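attaching a predicted model along with its sequence, questions to come.
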Amino acid sequence: MCSRKSEKNPFIPAGSFALSHHYSFCGLYFISFFTRKKPLEAANIVAIEETNLRTAASAEKTSSVHSIPAGKKKITNFSVKLASMKFFYFIAFFSFASLKTFSQCDYPKLPSKGNTIEAFIPKGWKLMDSISGDFNNDKQIDFVLVLASEKESGDDPANYECNRPLIILQKAPSGFLLAAYAKEAVLCKGCGGVFGDPYEGISLKKNVLNINHYGGSAWRWSSNFTFRFQKNQWQLIGCSQASYWSLGECEGGPGDAGYNLAEANFSTSKAHIVKTKDDACKPYVDKMVSFPKKPLVSLQRFSATTEYFPIKN
């Protein structure tokens, strides 16, 4: 799981699911946050970015919990600069996320059962991350694996554009059974922009699985997806999206300026939306809304680059 602290959201009932307070995006819903303002001309964008990206790229990932500031503190007027940066990060992320539309992403065919975990790691692939737990309450240790293509180790950016597969293995009397296989559950290596690989980690607590991402540069975004094993399958029960200006400073501390949030609980059909202007600390929208219930998405049909937030901006 990512290093950031997690805390339960007040609108999510106990026993449902907990999302990190360092919120994330639901698929490509973040586009609406990144393109609200008209971008500058390309030459001006490059000039602004060269200065700010050098500063931001050297910063470490913040592990603090970002709260919505109660007041507003006057900060430097950089709204025009933020507009161009939003446009830049949108182009950078969307370019990587959509490149696989124009190139072939070949995912391995996996066996339905195997004697060892290694039996589910095909030739040309490597184990990127793993976690264990008992998701079906049978007192046996199950595993969640994240695979990555060995081609990612090279220097060719074309090998960074495909999302990574996630595998869930159920312990059987002899070896393991393939309980779930999601080919595009984890964002691609190049999807994080200047910040690098956006993969933050996975967590498994009883029958609840979280997949976490984090990326950007001076303008940051983060992404969580939450699944629950129920009705004999893994289903998406929550997603959240956030973006903020990491170099802005408000009363809550650095990283609170321009804070935007969109998260949804598909079990309760409730969503939380927060909107803040680029150079402001206090949000002008902070509301809970309801949305119609829809069939839950199964993990097998899930893709980290699909839009799942149910409310259009």
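Great, that's in hand. Model, not experiment: these values are computed from the prediction.

what about the chain, any weak spots by pLDDT?
Within the chain, the stretches with pLDDT under 70 are 1-103, 252-255, 313.

quick one: the helices in it, in order.
31-34, 42-57, 79-99 (DSSP state H).

ok, and the closest non-adjacent residue to K109?
In space, and not counting its chain neighbours, K109 is closest to P122: 7.7 Å by CB to CB, 6 or more residues apart in numbering. For glycine as for every other residue, the C-beta is placed from the backbone atoms N, C-alpha and C.

list the contacts for the one you found?
P108, K109, L110 (CB atoms under 8 Å, 6 or more residues apart in numbering).

any of these buried? List them.
Buried by 16 or more other CB atoms under 10 Å: P108, L110, out of the contacts of P122.

returning to that earlier point: next one: phi and psi at the residue nearest to K109?
Dihedral pair for P122: phi -70, psi 170, per degrees, to the nearest 10.

name whatever forms a beta bridge with the closest residue to F176 other than its chain neighbours.
The shortest distance from F176 to any non-neighbouring residue, by CB to CB, 6+ apart, is to L169 (4.1 Å). Legend: beta-bridge partners of L169 under DSSP bridges are F143, L178.

what do you get for G114?
Taking DSSP bridges, one finds F176 as the beta-bridge partners of G114.

quickly note the distance from it to L178.
Separation of G114 from L178 (CB to CB, to the nearest Å): 8 Å.

count of neighbours near K275?
K275 has 19 neighbours, counted by other CB atoms under 10 Å.

and the residue nearest to F176, how many neighbours?
For L169, the neighbour count with other CB under 10 Å is 26.

and V289, by the same measure?
When neighbours are defined as other CB under 10 Å, V289 has 12 of them.

next one: D286
By the criterion of other CB under 10 Å, D286 has 14 neighbours.

which residues does it bridge with?
V274.

H213 contacts G201, correct?
No - H213 lies out of contact with G201 (CB atoms under 8 Å); the separation is 9.3 Å.

who has more neighbours, those two?
Taking neighbours as other CB under 10 Å, H213 and G201 compare with H213 leading, 22 against 17.

could you pull up the residues touching the residue nearest to F176?
By CB under 8 Å, 6+ apart, the residues touching L169 are I117, F120, D142, F143, V144, L145, F176, L177, L178, A179.

now list the buried members of the residues you listed.
Among these, those classed as buried by 16+ other CB under 10 Å are I117, F120, D142, F143, V144, L145, F176, L178, A179.

of those residues, closest to A158?
Using CB to CB, L145 is the member of the buried ones among the contacts of L169 that sits closest to A158, with 24.5 Å.

so what's the residue count around the closest residue to the closest one other than its chain neighbours?
In this structure, L145 finds its nearest non-sequential neighbour in I167, 4.4 Å apart by CB to CB, 6+ apart. Residues lying near I167 (other CB under 10 Å) number 24.

so how far is F302 from I167?
Taking CB to CB, one finds I167 at 13 Å from F302.

shared neighbours of those two, anything?
Common neighbours of I167 and F302 are listed as A182 (criterion: CB under 8 Å, 6+ apart).

and the gap between L204 and W234?
11 Å.

which parts of the stretch 201-313 of the chain are strands?
Here the stretch 201-313 of the chain has its strands, by DSSP state E, counting those that start in this stretch, at 208-216, 219-230, 233-245, 249-250, 253-254, 257-265, 270-275, 285-290.

export those strands to CSV and tack on distance to F135?
Putting these into CSV (distance: least, CB to CB, whole Å) gives the following:
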stretch, distance to F135
strand 208-216, 8
strand 219-230, 5
strand 233-245, 8
strand 249-250, 40
strand 253-254, 37
strand 257-265, 20
strand 270-275, 25
strand 285-290, 29
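
quick one: which of those strands is nearest D129?
With CB to CB, the closest approach to D129 among the strands of the stretch 201-313 of the chain belongs to strand 208-216: 10.3 Å.

quick check: S290 touching H272?
No - counting by CB under 8 Å, S290 sits too far from H272 to count as a contact (11.2 Å).

compare the two (neighbour count), which wins?
Taking other CB under 10 Å, S290 and H272 do not tie; H272 has more neighbours (20 against 11).

and the gap between that one and Q170?
Taken as CB to CB, the span from H272 to Q170 is 33 Å.

related to what we said a few turns ago, how much space is there between the residue nearest to L145 and K205?
Distance, I167 to K205, using CB to CB: 18 Å.
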